[in-house]
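Trainee: sequence first, predicted coordinates after that:
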Amino acid sequence: MNPKPTRRDALDNRERILTVAREAIAASSGASSGASNGVSLTAIAKEAGVGIGTLYRHFPTREALILELYRHDIQHLIDRAPVLLADHPPLVALRLWFDEVAHYGRLKYGVAEVIHAATDGGADDEYFAPFVAAIALLLKAGAADGSLKSGLDPEDVLLQLSVLWRLDPARDGEARAGRILDLIVDGLRTAA
C-alpha cells in the first residue's frame, strides 16, 4: 500500500511555519541571551496563518521544529560549498562560505543546546560527515590553487568554526565572528 501523498496546502503550511519560526528565532537570538528558547509556538502559528493544531501536526514539539530548521539550514550550507567554488576562486569561496556559517551560527544561538542534545553532541548527527565533506571540498580546492596549505584536516577546521555557535549576537557577535574568521582564514593560508 502506497502512503497517501501530502496535500499541497499542507506542504505550504509547513513551509510557512518554518519560515516564520526561522525569523522568530533569529529575531529573539539577537534580542537577548538565550531568548530564542522562549519563542512562542502560538505566535509562530498565528504569524504563519495556521492554527496551533496545524503547527503541532507538523511539529509535535518545540524541539521537532528546531531540529527541522537545523536540518534545512545545514543542508543549505552543505549545498552552498560547490556553488561558491563554481563562482569564485577557492580562497574567496571559503571565506564566503565561512561568512554563511557564521550567519547561521547567529541564528542558531540560543537553540544550540536542543540540537546538541538531539544529535548526542554531534555523534548521531547525519549531517556531520556531509558538512565535513563540504569543508574538505573547499580546502582541497584552495590547496590545489596554492592559496591554502595542503594537508589541512577539515574536522580541525570544523572545531575552529564551532566557536561561532557560542557568540552572543546581542553582544557584538557579528563583528567578533568576522574577526575570528579572519584569524581562521589567516591560519589556513599559505605563507605569502
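Mentor: Received, thanks.

Trainee: the bottom helix or strand of this structure by mean pLDDT?
Mentor: helix 112-118 (a mean of 67; mean pLDDT, DSSP states H and E).

Trainee: so after that one, what's the next helix or strand?
Mentor: helix 128-145 (DSSP states H and E).

Trainee: mind giving me the packing neighbours of that following helix?
Mentor: helix 62-87, helix 90-108, helix 154-161 (3 or more CB pairs under 8 Å, 6 or more residues apart in numbering; DSSP states H and E). The way it works is simple: take the backbone N, C-alpha and C, and place the C-beta from them, glycine included.

Trainee: what angle do helix 62-87 and that helix make with each other?
Mentor: Helix 128-145 runs at 20 degrees relative to helix 62-87, counting by axes from the mean of the first three to the mean of the last three CA atoms, to 10 degrees.

Trainee: can you show me the CA trace of helix 128-145 as PDB?
Mentor: Taking Å, rounded to 0.1, in the frame of the first residue of the first chain, the C-alpha atoms of helix 128-145 are listed here in PDB:
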ATOM      1  CA  PHE A 128      28.300  15.800  10.300                       C
ATOM      2  CA  ALA A 129      30.000  13.800   7.500                       C
ATOM      3  CA  PRO A 130      28.500  15.900   4.700                       C
ATOM      4  CA  PHE A 131      29.400  19.100   6.500                       C
ATOM      5  CA  VAL A 132      33.000  18.000   7.000                       C
ATOM      6  CA  ALA A 133      33.000  16.900   3.300                       C
ATOM      7  CA  ALA A 134      31.900  20.500   2.300                       C
ATOM      8  CA  ILE A 135      34.800  21.900   4.300                       C
ATOM      9  CA  ALA A 136      37.200  19.300   2.700                       C
ATOM     10  CA  LEU A 137      36.000  20.300  -0.800                       C
ATOM     11  CA  LEU A 138      36.800  24.000  -0.100                       C
ATOM     12  CA  LEU A 139      40.200  23.100   1.500                       C
ATOM     13  CA  LYS A 140      41.200  20.800  -1.400                       C
ATOM     14  CA  ALA A 141      40.400  23.500  -4.000                       C
ATOM     15  CA  GLY A 142      42.400  26.000  -2.100                       C
ATOM     16  CA  ALA A 143      45.300  23.600  -1.800                       C
ATOM     17  CA  ALA A 144      45.100  22.800  -5.500                       C
ATOM     18  CA  ASP A 145      45.400  26.500  -6.500                       C
END
